[in-house]
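1. sequence plus predicted model, see below.
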Amino acid sequence: MSTIDLTQTPSSDPAVILRYRDRQYAADLIGAAILEFDLFSFLNQNGGISFDAVCTHFSWQHRPADVLITLCRASGFVTSNSDGGIELTPVGREFLTADSQWYLGPYYQPIADSPVRKDFVSILKTGKPANWQAKSDGADWHESMKDPDFARSFTDLMNCRGITFGQKLAAAVSEQVAGYSHMLDVGGGSGIYSSTMVARHPHLRATVLEQPPVDTIARREIANLGLGDQVAVHSGDMFRDPWPGDVDIVLLSNVLHDWDIAEAQQIVDRASDALPTGGLLIIHGAIINAKKTGPLPVAEYSALLMNITQGKCYSVAEYGDFLRPHGFELQPYQATTGDRGFLTATKR
Ligand SMILES: C[S@@+](CC[C@H](N)C(=O)[O-])C[C@H]1O[C@@H](n2cnc3c(N)ncnc32)[C@H](O)[C@@H]1O
């Protein structure tokens, strides 16, 4: 049996530890903007330029370019004017434009040859993630997750933070889940979010929808926690296979941010189909604010996600766009811990 006691919750916030890893690729993305594209000199010469025009000028794909511009906005290098055009801030103009006497471009020169910085150049142009660093044969993250050893190690990574994140999420949704009975945890990894949810709310049961080989890992982890009676695992492909029925909550934890807009919309569409009227959708993860001005740790983490997956950290407004076709009633964003938070939406 596990030594994990889900009745105990941490008293401190792990953000200070998580941020070192979450921001790990952000410097390389800023390095690409400075060293490869001289983005800030261009913005200085074209004050108020639209996002679309920036993408056209540099031949950038919108999703990765949005991650970069959001990171620049959250870092205070650029701001958006009242028409949505991009303007340099004083720090951007003084320190990031090549003809300024205070230009700091050479400070980034030592990472000019970094593989991650080079990957970002190609990601911006192609919209395709770089090969995932941990896999020597160069498969991307989604392919790598089908390999048992990689899946084990990456699921451990997600599980260790998920104990805290899941407990904080479960506590924060206490009032909202009171009248519900069965949560479907799509792409639920080890099942830790289902486990923490039912541990906190014993009136709930949960089903984890996962693909092999993570489904096997989830079964083992849930059994180790002694929660096999309350949490089931359903093996399947969330895009192709039918989802388990008879659910009134769908949890999408750290799932949509792995995918480009079309796939994320498909997952939201299926979540809507799975829910009855009045059903509750919970979207949990690292979420950018509606104006895309931050939070900075989330904008930094988005650089990592766009490097290894087809996704990014979507904003509150973008999640609203995914939900709009289905008439969900979206509640305001709530922060939990470790720079994470969640949105809930009720199906009308
Ligand atoms: C980033 S992890 C999130 C895991 C967990 N929900 C969490 O918050 O830690 C994404 C999960 O989606 C699963 N996944 C990816 N593609 C899938 C598919 N087509 N069908 C089912 N699960 C899938 C992966 O195996 C992985 O466990």
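-> Yep, that arrived.
2. what about stretch 23-42, start to end distance?
-> From its first residue to its last, stretch 23-42 covers 26 Å (Cα to Cα, to the nearest Å).
3. would you mark the buried spots in it?
-> Buried positions in stretch 23-42, judged by neighbour count with 16 or more other Cβ atoms under 10 Å: 23, 25-35, 37-42. C-beta: built from backbone N, CA, C; applies to glycine.
4. contacts for that stretch next, please.
-> 54, 57-58, 67-68, 71-72, 75, 77, 88, 92-93, 96-99, 105, 108-109, 111-112, 114, 116-121, 124, 297, 299-301, 303-304, 307 (Cβ atoms under 8 Å, 6 or more residues apart in numbering).
5. ok, stretch 89-97 next?
-> Against stretch 89-97 from outside (Cβ under 8 Å, 6+ apart): 34, 40-41, 43-44, 72, 76-79, 88, 100, 102-105.
6. try it again with 7 Å
-> Stretch 89-97 is contacted from outside by Ile34, Phe40, Ser41, Asn44, Gly76, Phe77, Val78, Thr79, Ser100, Trp102, Tyr103, Leu104, using Cβ atoms under 7 Å, 6 or more residues apart in numbering.
7. how much space separates the first one from the ligand?
-> Right, the one you point to is Ile34. According to Cβ to the nearest ligand atom, to the nearest Å, Ile34 and the ligand sit 30 Å apart.
8. cool, and Ala335?
-> For Ala335, the distance to the ligand equals 16 Å [Cβ to the nearest ligand atom].
9. okay, now the unreliable bits of the stretch 51-200 of the chain?
-> Flagging of the stretch 51-200 of the chain using pLDDT under 70 yields the residue ranges 131-139.
10. ranges for the helices of it?
-> Along the stretch 51-200 of the chain, counting by DSSP state H, counting those that start in this stretch, helices occupy 51-58, 62-75, 90-96, 115-126, 141-144, 148-172, 192-200.
11. deepest in the core, which of the ones you listed is it.
-> Of all the helices of the stretch 51-200 of the chain, helix 192-200 has the most neighbours on average by mean count of other Cβ atoms under 10 Å, namely a mean of 27.
12. so how far is that helix off the chain centroid?
-> Chain-centre distance of helix 192-200: 20 Å, with Cα atoms, centre = their mean, to the nearest Å.
13. now the element after that helix, going C-ward?
-> Downstream of helix 192-200, the next assigned helix or strand under DSSP states H and E is strand 205-210.
14. wait, doesn't Pro295 sit right on Asp339?
-> Yes - shown here, Pro295 and Asp339 form a contact pair, counting by Cβ atoms under 7 Å, at 6.2 Å.
15. any idea how far His203 is from Tyr333?
-> According to Cβ to Cβ, to the nearest Å, His203 stands 26 Å off from Tyr333.
16. what do you get for Gln109?
-> 39 Å.
17. counting neighbours, go ahead and name the busier of the two.
-> Under the criterion of other Cβ atoms under 10 Å, the comparison of Gln109 against Tyr333 puts Tyr333 first, with 17 against 11.
18. what score does that one have for pLDDT?
-> With respect to pLDDT, Tyr333 scores 98.
19. can you count the residues close to Leu43?
-> Neighbours of Leu43 (other Cβ under 10 Å): 25.
20. for the stretch 1-150 of the chain, what lies in contact range of the ligand?
-> Residues of the stretch 1-150 of the chain found near the ligand (Cβ under 6 Å from any ligand atom) are His142, Met145.
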